[in-house]
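Undergrad: Need coordinates for the following:
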Amino acid sequence: MEWVDNAIVLGARPFGEGKLVAEVFSREHGRFGGVVHAGRKSQPILQSGNVVHAGWKARLSEQLGFFSPLEMLEPHATRLLDDAAALAGLSSAVSLVRGATAERQAYPQLYDALIVLIEAMPEHEIWPAIYARFELGLLSALGYGLDLTRCAVTGETENLAWISPRTGRAATYEAGAPHKDVLFRLPPFLVNSEAELESGDVADAFAIAGYFIERRLFDQKGEGLPEARRRLIERLGFAGRL
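TA: I've put the predicted structure just below:
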């Protein structure tokens, strides 16, 4: 069995003497691991977030297999070395993909969303909001998307202001106001990409996405959210970017 595709590096770990097991996420083949030789040339390539041209081969499909070729296309991780917050965002996004997706299953929409996020990270002011939308995209790609298109009570599509933690469905300001103490505030930019960001919008979006990702994806596996995500929120909070 073999395939060739462009892929996002998710990480690597030691594997015996002089070898590593690299993990990548490709658009057409999903999350795959494979053996590579550990050397000076491979280490810079295998930084999380880099985009590579990868070929995976194995005699049998159930085997670990190996990568050949594994060539750098876009050194995204290197471009973010001077931005600790962006590196934290990249680490968090990669951790979520590694922890939530099934191995060897394609998620083309999620791959595209991760590429958009990674390419936006040099844009200091905008990527946290894009990151929040990425997390909602992760839920959707795995079959747990939230319904932010219309009010669950009235069916209206305008003036959506709340989201239910029980159902993941939106409500208008008027319909949800009597129950606002138990609802999430829905930031306008999550339903309208042209809406201007207000103070607290990104924090509210992180709260919504984190709540549903933890309960719908990680609790089922007996795990909590990745530590990398907590570090990201902490870093953005200290920087006043939530």
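
Undergrad: List the contacts of L186.
TA: Residues near L186 by C-beta atoms under 8 Å, 6 or more residues apart in numbering: 148, 160-163, 170, 204, 208. C-beta coordinates here come from the backbone N, C-alpha and C atoms, glycine included.

Undergrad: Recalculate using a threshold of 7 Å.
TA: By C-beta atoms under 7 Å, 6 or more residues apart in numbering, L186 lies in contact with 160-163, 170.

Undergrad: cool, Q47 as well?
TA: Going by C-beta under 7 Å, 6+ apart, the list of residues near Q47 reads 9, 77.

Undergrad: Which strands border the top strand by length along the chain, and is each parallel or antiparallel?
TA: When every strand of the chain is counted residue by residue (DSSP state E), the longest turns out to be strand 2-14. Strand 2-14 sits in its sheet next to strand 19-26 (antiparallel), strand 51-57 (antiparallel), going by DSSP bridges.

Undergrad: What are the buried residues along it?
TA: 5-12 (16 or more other C-beta atoms under 10 Å).

Undergrad: Skipping its backbone neighbours, what lies nearest F67 in space?
TA: By the measure of C-beta to C-beta, 6 or more residues apart in numbering, the closest residue to F67 outside its immediate chain neighbours is G34, 4.2 Å from it.

Undergrad: now the one you found: how far from G99?
TA: 19 Å (C-beta to C-beta, to the nearest Å).

Undergrad: Tell me which of the two has more neighbours.
TA: The residue with more neighbours, out of G34 and G99, is G34; 22 against 17, by other C-beta atoms under 10 Å.

Undergrad: contacts for the lowest-mean-pLDDT helix or strand in the chain?
TA: Ranking every helix and strand in the chain by mean pLDDT, DSSP states H and E puts helix 42-45 at the bottom, with a mean of 84. The contact list for helix 42-45, computed with C-beta under 7 Å, 6+ apart, reads 20, 36, 52, 70, 72.

Undergrad: Could you rerun that using 6 Å?
TA: Contact with helix 42-45 is made by 36, 72, as judged by C-beta atoms under 6 Å, 6 or more residues apart in numbering.

Undergrad: contacting residues for P187?
TA: With C-beta under 6 Å, 6+ apart, P187 has these contacts: 201, 204-205.

Undergrad: what are the phi and psi angles of it?
TA: phi -60, psi 130 (degrees, to the nearest 10).

Undergrad: How is the chain divided into domains?
TA: 2-77, 80-238 (automatic domain parsing).

Undergrad: Closest one of the buried residues of strand 2-14 to E194?
TA: E194 has its nearest neighbour among the buried residues of strand 2-14 in I8, at 28.1 Å by C-beta to C-beta.

Undergrad: Apart from its neighbours in sequence, what residue is nearest that closest one?
TA: F25 (4.7 Å).
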